[in-house]
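# Sequence isn't available, so here's the structure alone:
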């Protein structure tokens, strides 16, 4: 984060990512010396003074009203996720002591994910630290074990690039989700340290973070290439854990009756045996 603050950084990045044609401004075809929109163009679109917009982007005013936030979201063509992120940057909440306890996983949550023997399950912190996982998750990928940060491992472990088919798109979404889920309670030392490490260790992480993109990763499909069982076409789902400070359960599962389901059952058996158990009876 620069001296202009997160809000100023975000406004500048969104402004520079737009072209006059994107917002219906005339003259977009002429050669321009600036990247993206000019500050005065954003101000006109938002219906605010250029001086006020300049103060926001430079960090001299960091708390625009709700009306101005909505106007900026319209001017910068933000979708609902990006507009919500702008709102949180403009109206940071008071930091909560619960943040110090965000790495504690309730015993019942661990029992729950352990019961899903044919579904790879892990518990993530708000910063994407793996706090807990089941046997299948660890058999699917050793980086799905507790103590690993799922975002950092994408960029720092070379095996992740071959494991995740379409790594580039996944990596971009993961950083965008990290930015969106990040603590916007003002200064966040844990986030700053995570971003600093990712930026230091990976030029790709640094590039994605500087793009200022935000996203939510709730559900979808993802293709994995496992070194033992081959390609796996899996669904994924993130389930927020109520009563925690941003924890969520992340699941990978296959459609029943498919080759991917058979391969997941094979990995589940391997993972279960590695824990010293016998066969698997549950088929979740």
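Yes, it's here. Just so we're clear, the structure is a prediction, and the values are computed from it rather than from any experiment. Residues are numbered from 1 along each chain as shown.
# So if we follow the domain assignment, how does the chain break up?
What automatic domain parsing lists as the domains of the chain is 5-90, 102-274.
# so how far is the first one off the chain centroid?
Between the mean C-alpha location of domain 5-90 and the chain-wide mean there is a distance of 23 Å, by C-alpha atoms, centre = their mean, to the nearest Å.
# and the end-to-end length of that domain?
The straight-line separation of the ends of domain 5-90 (C-alpha to C-alpha, to the nearest Å) is 10 Å.
# Please apply the same query to stretch 160-176.
OK, stretch 160-176 end separation, C-alpha to C-alpha: 18 Å.
# chain center to that stretch: distance?
Using C-alpha atoms, centre = their mean, the offset of stretch 160-176 from its chain centre is 11 Å.
# And that stretch, what's buried?
160, 163, 164, 170, 171, 172, 173, 174, 175, 176 (16 or more other C-beta atoms under 10 Å). Every residue, glycine included, has its C-beta placed from N, CA and C.
# Between the domains of the chain, which has the poorest mean confidence score?
Mean pLDDT values for the domains of the chain show the minimum at domain 5-90, a mean of 86.
# Can you tell me the SS state at the most centrally placed residue in the chain?
The centre of the chain sits closest to residue 177, judged by C-alpha atoms, centre = their mean, with a distance of 1.7 Å. Following DSSP: H, G, I helix; E, B strand; the rest coil, residue 177 is assigned to helix.
# Tell me, how many residues neighbour the closest residue to it other than its chain neighbours?
Of all residues not flanking residue 177 in the chain, residue 217 sits nearest, at 4.9 Å (C-beta to C-beta, 6 or more residues apart in numbering). If you count neighbours by other C-beta atoms under 10 Å, residue 217 ends up with 18.
# likewise the one 10 residues further on?
Burial of residue 227 is recorded as 8 neighbouring residues (other C-beta under 10 Å).
# And residue 221, by the same measure?
9.
# That one: what's it in contact with?
Residue 221 makes contact with 233, 234, 235, 236, according to C-beta atoms under 8 Å, 6 or more residues apart in numbering.
# 6 Å - rerun?
Going by C-beta atoms under 6 Å, 6 or more residues apart in numbering, residue 221 touches residue 235.
# bridging residues for it?
residue 235 (DSSP bridges).
# rewinding a little: may I have the secondary structure class of the residue nearest to residue 177?
Assignment for residue 217 (three-state DSSP): coil.
# any idea how far it lies from residue 13?
Distance of residue 217 to residue 13, computed by C-beta to C-beta, to the nearest Å: 20 Å.
# now do residue 63
From residue 63 to residue 13 the distance is 19 Å (C-beta to C-beta).
# who's more crowded, the two?
Taking other C-beta under 10 Å, residue 63 and residue 13 do not tie; residue 13 has more neighbours (15 against 12).
# which residue packs closest to residue 114, ignoring adjacent ones?
That would be residue 134: by C-beta to C-beta, 6+ apart, it lies 5.1 Å from residue 114.
# where does the one you found fall, phi/psi-wise?
Per-residue torsions, residue 134: phi -100, psi 180 (degrees, to the nearest 10).
# Equivalent analysis for residue 170, please.
phi -60, psi -40.
# residues touching it, list them.
Going by C-beta under 6 Å, 6+ apart, residue 170 touches residue 164.
# Kindly provide the distance from it to residue 86.
On the measure of C-beta to C-beta, residue 170 and residue 86 end up 25 Å apart.
# ditto for residue 220
24 Å.
# hang on, isn't residue 117 packed against residue 270?
No - taking contacts as C-beta atoms under 6 Å, residue 117 lies outside contact range of residue 270: 11.8 Å.
# coming back round to it: neighbour count winner among residue 220 and residue 86?
residue 86 (23 against 11).
# Show me which pair in the buried residues of stretch 160-176 is furthest apart.
Distance extremes for these: the farthest pair is 163 and 176 at 20.1 Å, using C-beta to C-beta.
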